[in-house]
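> Build the 3D model from these lines:
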Amino acid sequence: MVLVLVEQAGGNAIDPSLQTLTLARSFGQPVHALLVGSATDLTQHGVAVAHVAQHVALGAYAPDAWAAMLNQLAVQLNASAVLAAGTDRGNEVMARFAARTGLPLAANCTSVSPGPPLTVTRLRWGGSLLEEARLNSERPLITVAPYVVPIEPSSMPADVEPFAPELTDENLLVRVVEHVAAPGGGVSLTEAKVVVSGGRGVGSKEGFAIIEELAGLLGAAVGCSRAVTSAGWRPHTDQVGQTGTKVAPDVYIACGISGATQHMAGLKGAKRILAINSDAQAPMMQNADYTVAGDLKEIVPAISAEIRKVK
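Sure thing, here's the model as predicted:
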């Protein structure tokens, strides 16, 4: 059987975890899921058994504790492979799992071919390169690149079983003690259906006023490129890209963003891209579904004005 760590938000499994469950079924083996703290409905995602970890110390996220209980359950079930979504949390837990067991970890995978040996295809260099690798391991560890595997429902009446992990004080040395809301509130990048992002072409911190105005009219989240955060115009929490947040909106509006590989790695899940740039040959313009060549300081306010007319 294959074991999958399923992350939750608001009482529901997050999309990257559901994508991981889809890929896990390609092993052709029963799929078991580990959930922490509470159960969620996985009957539409091919899960045979959902194991709900319950422990007095699991009220807060603790990466070593998660890695320890994932390892304990994998050993208990004799799992042939262990998978997690390639989120910040999933990658952190699996890296600690690999370190404590000495098992090989393949991160950011897009597909698997069961072996032996197991063969995986994974993203490298910010998504500009696909690497094929073989994992010679009795229990390969895999994280799945978010938003590259479509969620494919598969009905199965999943059993729910409690799981009581054995945790030590050392497992709880690193843990989350407080959540601080991002400044400004509003729609989060990871959940937004529309994202309006600005790059170096916006020109200044004050220049983002027109980006924020358009985002407000569209009910969208505001994003930016790494050049913007490096200049101190926007906080790092707004950065979209390989070293920022990975997004999957219905529409991504890129304003004055050149489209470096690292930035494109963060929006692979976007369904449609609209690029506004004065350089018609910029990489972002070449990769967009729709483009507008010109001065964003004229184009963005014009779009906002037209939206106001409609409203």
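
> need the helices for this protein, in chain order.
Applying DSSP state H to the chain gives helices spanning 15-24, 63-77, 88-101, 209-218, 226-230, 261-264, 283-287, 296-310.

> And those: which comes nearest Pro157?
Taking CB to CB, helix 15-24 is the member of those nearest to Pro157, at 15.2 Å. No exception for glycine: its C-beta is placed from N, CA and C like everyone else's.

> for the closest one, packing partners?
Judged by 3 or more CB pairs under 8 Å, 6 or more residues apart in numbering; DSSP states H and E, the packing partners of helix 15-24 are strand 2-5, strand 31-36, strand 81-85, helix 88-101, strand 105-113, strand 141-144.

> need those in JSON lines with mean neighbour count, mean pLDDT and distance to Pro283, can you?
JSON lines is the format used below for those (neighbours: other CB atoms under 10 Å; pLDDT from 0 to 100; distance: least, CB to CB, whole Å):
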{"stretch": "strand 2-5", "mean neighbour count": "27", "mean pLDDT": "97", "distance to Pro283": "35"}
{"stretch": "strand 31-36", "mean neighbour count": "24", "mean pLDDT": "96", "distance to Pro283": "38"}
{"stretch": "strand 81-85", "mean neighbour count": "28", "mean pLDDT": "97", "distance to Pro283": "28"}
{"stretch": "helix 88-101", "mean neighbour count": "18", "mean pLDDT": "95", "distance to Pro283": "26"}
{"stretch": "strand 105-113", "mean neighbour count": "20", "mean pLDDT": "93", "distance to Pro283": "21"}
{"stretch": "strand 141-144", "mean neighbour count": "26", "mean pLDDT": "96", "distance to Pro283": "26"}
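
> picking up where we left off before, looking at the helices of the chain, which one is packed in the most?
helix 15-24 (a mean of 24; mean count of other CB atoms under 10 Å).

> Could you give the average pLDDT over that one?
Helix 15-24 shows a mean pLDDT of 95 in the predicted model.

> now swap in stretch 194-207 and tell me
Stretch 194-207 carries an average pLDDT of 96.

> ok, and for it, which residues are buried?
By neighbour count on 16 or more other CB atoms under 10 Å, the buried set for stretch 194-207 is Val194, Val195, Val196, Ser197, Gly198, Gly199, Arg200, Gly201, Val202, Gly207.

> Strands - which of the residues you listed land there?
Counted as lying in strands by DSSP state E, out of those, are Val194, Val195, Val196, Ser197, Gly198.

> Tell me the spacing between the third one and Glu213.
When distances are taken as CB to CB, to the nearest Å, Val196 and Glu213 turn out to be 9 Å apart.
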